[in-house]
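**Q** what's the 3D shape of this:
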Amino acid sequence: MAERHTGTAVGEDQVAPPRRAWHAVWRYGWAAPASVLGLMFVVPALLFGARAKHVAGTLEVSGGGLCHVIARQAGFDAITLGHVILGRHHRDLARLRCHEQVHVRQYERFGVLMLLLYPLAGVWALLRGRRAYWDNPFERQARYGEALARRSERNTI
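**A** Below is the predicted model:
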């Protein structure tokens, strides 16, 4: 009978923690400061009639008076802050889900730096005579990811 390994080294009968689990912890942890910022809007939004649901590793919050007013005043239909996606209406989130998921991946890659990098990329575009939103590389990547997802959906139907 084989002797069971009890030390810290991984033996044949011990299972090392899955690499994916550590990767997920890293992705969520690295994006956590931005997610906390997004979470600061969740409770007030819910108090004003918004609805929240868990979708693909994110918390999507939409509807209600507060989400609608913030989105209208800021000029967006949805915004991503880490793993929190705030939308004007649930229809907007459904329509923009692929786009916003690309932004989630960007937060997982750049973490809290994304809060600085995104606006700097818009300023850089303006300084080069381009449009701050449409020519922002983060937005271009999100539109490209959205287009790929839509093309993939059409090919599977």
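
**Q** where exactly do the helices run in this structure?
**A** Per DSSP state H, the chain carries helices over the ranges 19-47, 64-74, 90-110, 114-127, 137-156.

**Q** of all those, which one is nearest Lys53?
**A** Among these, helix 90-110 comes nearest to Lys53, with 8.5 Å by C-beta to C-beta. The C-beta positions use only the backbone N, C-alpha and C, and glycine is treated the same way.

**Q** which strands and helices lie in contact with the closest one?
**A** Judged by 3 or more C-beta pairs under 8 Å, 6 or more residues apart in numbering; DSSP states H and E, helix 90-110 is in contact with helix 19-47, strand 58-62, strand 78-81, strand 84-87, helix 114-127, helix 137-156.

**Q** just to revisit the earlier point, deepest-packed of the helices of the chain, please.
**A** Most buried of the helices of the chain by mean neighbour count (mean count of other C-beta atoms under 10 Å) is helix 90-110; its value is a mean of 19.

**Q** name the residues that touch that one?
**A** For helix 90-110, the external contacting residues (C-beta atoms under 8 Å, 6 or more residues apart in numbering) are 27-28, 30-31, 34-35, 51, 55-58, 60, 62-63, 71, 77-78, 80-83, 85, 87, 114, 117, 138, 141-146, 149-150.

**Q** again, only using 6 Å
**A** Residues from elsewhere that reach helix 90-110, judged by C-beta atoms under 6 Å, 6 or more residues apart in numbering: 27, 31, 34, 58, 60, 62-63, 77-78, 80, 82, 85, 87, 114, 117, 138, 142, 145-146, 149.

**Q** cool, and stretch 37-47?
**A** So stretch 37-47 is contacted by Val61, Gly64, Leu66, Cys67, Leu81, Gly82, Val84, Leu86 (C-beta under 6 Å, 6+ apart).

**Q** let me have these in CSV, extended by pLDDT.
**A** Listed next are these as CSV, based on pLDDT from 0 to 100:
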residue, pLDDT
Val61, 95
Gly64, 86
Leu66, 82
Cys67, 82
Leu81, 95
Gly82, 96
Val84, 96
Leu86, 94
